[in-house]
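Undergrad: Show me how the following folds:
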Amino acid sequence: MLDPTMTDELTGLLNRQGLMFLWQYATSSANRRAEPLSLVLLHLNGVRQLHDSLGHEQADRALLAFSELMRSSFRETDLIARQGGAEFVLLFNGTNEEGAFIAMQHLLGKVADFNQRADNRWTLSFSWGSVEYDPQRHLSLEDVIAAAERAKSSREEKL
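TA: This is a model prediction of the structure:
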């Protein structure tokens, strides 16, 4: 079990501190084993508007539902973190950028199924960008997140 200071209070996912701690381990392991490591930056769309129109409880329900969908979509070895607000980071160990893309298609399908089945006054949609970690170009977690942000800006997936 992780130290409570490394988890997000609402979702139980890693928080930024937990992500930074495990990032060091993940990159060391990827470098040592010469295995790929991909990072995906996700933004859950419309959370602010949901909060403003339907209230804090409904915004929290959307964040929790999205967190659970991510947990059920990915492997136990993949790291899921809530950066804060409606922003999340995924670390896919042993996965190149193509594999991360495939994993995201799986999540898109799960979110679409959720939206069809759930009886909510809101739907989930998200934008995302991915990048494969390159130790020559990405000297820090912030470098990889910035690259994923640029990729996210060039593509937006909405359901």
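Undergrad: What segments of the chain are helices?
TA: 16-33, 47-54, 56-73, 97-117, 141-154 (DSSP state H).
Undergrad: The longest one: which residues count as buried?
TA: Burial within helix 97-117, assessed by neighbour count using 16 or more other Cβ atoms under 10 Å, is assigned to 97, 100, 103-104, 107-108, 110-111, 114. The way it works is simple: take the backbone N, C-alpha and C, and place the C-beta from them, glycine included.
Undergrad: From the contact counts, what lies against that helix?
TA: Here helix 97-117 is seen to pack against strand 37-44, helix 56-73, strand 87-93, strand 126-132 when contacts are counted using 3 or more Cβ pairs under 8 Å, 6 or more residues apart in numbering; DSSP states H and E.
Undergrad: Please save the CA atoms from the second one in CSV.
TA: What that stands for is helix 56-73. The C-alpha trace of helix 56-73 is given here as CSV (Å, rounded to 0.1, in the frame of the first residue of the first chain):
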residue,chain,number,x,y,z
HIS,A,56,-19.6,19.8,-6.6
GLU,A,57,-21.1,16.4,-5.9
GLN,A,58,-21.9,15.7,-9.6
ALA,A,59,-18.4,16.9,-10.7
ASP,A,60,-16.9,14.5,-8.1
ARG,A,61,-19.0,11.7,-9.4
ALA,A,62,-17.8,12.3,-12.9
LEU,A,63,-14.1,12.3,-11.7
LEU,A,64,-14.7,9.1,-9.8
ALA,A,65,-16.5,7.4,-12.7
PHE,A,66,-13.6,8.3,-15.0
SER,A,67,-11.0,7.1,-12.5
GLU,A,68,-12.8,3.7,-12.2
LEU,A,69,-13.0,3.4,-16.0
MET,A,70,-9.2,3.9,-16.2
ARG,A,71,-8.5,1.4,-13.4
SER,A,72,-10.6,-1.2,-15.1
SER,A,73,-9.1,-0.5,-18.6
